[in-house]
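Asker: Give me a 3D structure for the following:
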Amino acid sequence: MASIVEQLNFQAVRLSNKVLYGFLDIDGTLTASYTFAQFVQRVTDIARHLQQAVPSAPGSRVLLVYPPGVEMIAAFFACARLGLIPVPVYPPPRHNVLAAMERMAYIAKDSGSQFLLTDRSCFWLMKWAQARRKLKAFSFKKDVIGQLKWVVSTDAGVNGVEPIREAHSEILFLQYTSGSTHDPKGVMVTHEGVLANCESAVDHDPVSVSWLPQYHDMGLIGYYLFFALKGGTTYGFSPLDFLQRPALWLESMSRFRATSSAAPDFAYGYCLRQDKVPDAVLDGLDLSALRFLANAAEPVRAETFLQFRERYARCGLKPKAFFSSYGLAEYTLVVSQYGRAVQGFDAEHLGQRTVTPVGNEQADREIKRLVSCGPPLPCTTVKIVDVEDAFRECTGREVGEIW
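Answerer: Residues are numbered from 1 along each chain as shown. This next block holds a predicted model:
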């Protein structure tokens, strides 16, 4: 019976005093730090508190509503320990609480969540929003959230004595899509899927730095689950802090001698801007420890890829360490990685679903430069399929759908 909880406990016995998670503020100050042993104890405290507050059958869905921080990850593992199925959601921002709660209510209803787990700050923020009575326009949605049992994990006692009634659910958690273009849709992620993908995707004991959202699969699985299961260390901080001060990401990778990090393409473009990361900042950076710096989660622009690699070479970034990856929640994260090749293609032919490689010197054609996503992981089969022609597998010169 595959379980990420068992793997975490194994690492905690082996590496009890090693730092597992650290969390930083915008100035790079550590606001929280847990060794493996301390984190397992925190998970135990929350699980005991949760068990007392809402005795629930294994398989019950739990909405996780947290600001960025380690508490959400501890709550996630606590749910897994009790056989509950966490449903991480976007935390309500102070400037737009009502819209966030509307989306949250949709996910709660769709997932069949029975209660809501949060910290004290989010608890009062949502209660304040309800008190404003502006949710009347979303009356059915208001009832969905209002009818849930709310549990505050930060109220959990420390080192209690009540035994934990551990249980197991094959489904680890439900990962919902952003809902930016349509209603959010949930993906069932299993313990077995996370463990298998972790074994294939992570090839060393990492020290990582991540500002990626913790409610999204790339950040949650890739940097808060995978590296705990591998016995690594993750230093995290808020996505909003990255947007305000992107140099924090680079400085933290340099400071902690990070071996691994990842971000969407826009972040690398952001770090190319002189008004965000001036050249003077680069003089104090050492990125030579990086073995794994992935550009993933959105289309990779060849210009961004090449310019970032060139600019940060002066900071010790090795060309081999920077690459493109491809993944999706439905596959429990990573499908392929280590893509480094950049190739030009005939843009007109691509529009006609035909692949024609061209050189940069062929100025008579409109050229679309693409970055390889690398080879599929071991034990992963990828097919390119023509869905308009009886689901026929495409040849190497045709455009199709990724299966």
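Asker: From now on I want contacts and neighbour counts done on CA atoms only, so please keep to that.
Answerer: Will do.
Asker: The nearest residue to residue 168 once chain neighbours are set aside: what's it in contact with?
Answerer: Once flanking residues are discounted, residue 168 sits nearest to residue 83: 4.1 Å by C-alpha to C-alpha, 6 or more residues apart in numbering. Taking C-alpha atoms under 8 Å, 6 or more residues apart in numbering, we find residue 83 in contact with 57, 58, 59, 60, 166, 167, 168, 169.
Asker: Need the pLDDT of the fifth one.
Answerer: Spelled out, it's residue 166. As predicted, residue 166 sits at a pLDDT of 95.
Asker: any idea how far it is from residue 102?
Answerer: Using C-alpha to C-alpha, to the nearest Å, residue 166 is found at 33 Å from residue 102.
Asker: try the last one
Answerer: Using C-alpha to C-alpha, we find residue 169 at a distance of 28 Å from residue 102.
Asker: what about residue 197, neighbour count?
Answerer: Burial measure for residue 197: 22 neighbouring residues, criterion other C-alpha atoms under 10 Å.
Asker: I meant to write residue 372 there.
Answerer: Neighbours around residue 372, by other C-alpha under 10 Å: 20.
Asker: What values do phi and psi take at residue 194?
Answerer: Main-chain dihedrals, residue 194, degrees, to the nearest 10: phi -60, psi -50.
Asker: re earlier: possible to save the contacts of residue 83 as CSV with neighbour count and secondary structure?
Answerer: Output for the contacts of residue 83, formatted as CSV (neighbours: other C-alpha atoms under 10 Å; DSSP: H, G, I helix; E, B strand; the rest coil):
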residue, neighbour count, secondary structure
57, 11, coil
58, 18, coil
59, 20, coil
60, 18, coil
166, 15, coil
167, 14, strand
168, 20, coil
169, 21, coil
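Asker: Those residues: which two are farthest apart?
Answerer: Pairwise distances across the contacts of residue 83 peak at 13.7 Å for 60 and 166 (criterion: C-alpha to C-alpha).
Asker: how about the strands in the stretch 201-350 of the chain?
Answerer: Assigned by DSSP state E, counting those that start in this stretch, the stretch 201-350 of the chain shows strands spanning 207-210, 233-236, 260-263, 292-295, 322-328, 333-339, 342-346.
Asker: And those: which comes nearest residue 158?
Answerer: Nearest of these to residue 158, taken as C-alpha to C-alpha: strand 233-236 at 23.8 Å.
Asker: other SSEs contacting that closest one?
Answerer: strand 19-24, strand 207-210 (3 or more C-alpha pairs under 8 Å, 6 or more residues apart in numbering; DSSP states H and E).
Asker: Need the winner for burial among these.
Answerer: Counting by mean count of other C-alpha atoms under 10 Å, strand 207-210 has the highest mean neighbour count of these, with a mean of 26.
Asker: Next one, pLDDT for the closest residue to residue 49 other than its chain neighbours please.
Answerer: Using C-alpha to C-alpha, 6+ apart and skipping the chain neighbours, the partner closest in space to residue 49 is residue 156 (5.2 Å). The model reports residue 156 with a pLDDT of 95.
Asker: would you list every one of the helices in the stretch 151-300 of the chain?
Answerer: Assigned by DSSP state H, counting those that start in this stretch, the helices in the stretch 151-300 of the chain fall at 191-201, 217-219, 226-229, 239-244, 247-255, 265-270, 279-282.
Asker: Could you dump these into TSV and include distance to residue 68?
Answerer: Listed next are the helices of the stretch 151-300 of the chain as TSV, based on distance: least, C-alpha to C-alpha, whole Å:
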stretch	distance to residue 68
helix 191-201	22
helix 217-219	11
helix 226-229	17
helix 239-244	8
helix 247-255	15
helix 265-270	18
helix 279-282	26
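Asker: Export the ones you listed as JSON lines, with columns for mean pLDDT.
Answerer: Output for the helices of the stretch 151-300 of the chain, formatted as JSON lines (pLDDT from 0 to 100):
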{"stretch": "helix 191-201", "mean pLDDT": "96"}
{"stretch": "helix 217-219", "mean pLDDT": "96"}
{"stretch": "helix 226-229", "mean pLDDT": "97"}
{"stretch": "helix 239-244", "mean pLDDT": "98"}
{"stretch": "helix 247-255", "mean pLDDT": "98"}
{"stretch": "helix 265-270", "mean pLDDT": "98"}
{"stretch": "helix 279-282", "mean pLDDT": "96"}
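Asker: Between the ones you listed, which one is closest to residue 314.
Answerer: Residue 314 lies closest, by C-alpha to C-alpha, to one member of those: helix 279-282, at 7.8 Å.
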